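> Next come a sequence and a model predicted from it.
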Amino acid sequence: MLRTRINTARSIFSSIFRINSSSYSTSFLFDDTQIQFKESVAQFANENIAPHASKIDHTNYFPQEVNLWKSMGEFNLHGITAPEEYGGLGLGYLYHCIAMEEISRASGSVGLSYGAHSNLCINQLVRNGSHAQKQKYLPKVLDSSSP
């Protein structure tokens, strides 16, 4: 009974937060390119992540039929901070924070997984990997073609 009430409250809060949280003005915070990036990531997250957020939270599992991680790679979310020479966008951490905010707005658990992958995996390869390691592994983890 208590668990049901908590889940109901969580669902209500999440839907209110998703609807109202991006209505504030970002024009004084970001330039036009950053605003466009924010809006495109928000649209991607709302269309591809948000519909599955509840199932992911309840099952603690990414549904295979959706292949969400692959979709995120194809959208180039994994390569935001990685250098272009390895298939990344080379945009830096401000763009990464913008993406984290929008992904987390759609699903906190997916946002956390994304942050771990992009910072603990990809950025460690970028910062500490040899040139040969970067050439071998980065393209595969950036587009999610590696199993």
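In hand now; what should we look at? Numbers count the residues shown, from 1 in each chain.
> next structured bit after whichever strand or helix holds residue 54?
For residue 54, the element it lies in under DSSP states H and E is helix 53-59. Scanning forward in sequence from helix 53-59 by DSSP H and E, the next helix or strand is helix 68-74.
> so the residue nearest the centre of the chain is in which element?
The C-alpha lying nearest the average C-alpha coordinate of the chain belongs to residue 103 (CA atoms, centre = their mean; 4.4 Å). Per DSSP H and E, residue 103 falls inside helix 93-106.
> contact partners of the helix or strand that that helix is followed by?
The first helix or strand that comes after helix 93-106 along the chain, using DSSP H and E, is helix 108-115. Identification of contacts with helix 108-115 by CB atoms under 8 Å, 6 or more residues apart in numbering yields 49, 53, 56-57, 60, 62, 68, 72, 77, 99-100, 103-105. C-beta here means a position set from N, CA and C on the backbone, and glycine is covered the same way.
> Identify, from those, the entry nearest to residue 33.
For residue 33, the nearest member of those is residue 99. The distance, counting by CB to CB, is 13.6 Å.
> Residue 41 and residue 100 touch, don't they?
No - with contact defined as CB atoms under 8 Å, residue 41 and residue 100 do not form a contacting pair (9.3 Å).
> Identify the residues contacting the residue nearest to residue 111 when sequence neighbours are not counted.
In space, not counting the residues next to it along the chain, residue 111 is nearest to residue 104; the distance is 3.0 Å by CB to CB, 6 or more residues apart in numbering. Shown in contact with residue 104 (CB under 8 Å, 6+ apart): 110, 111, 112.
> If anything else comes up later, I'll come back, but that's it for now.
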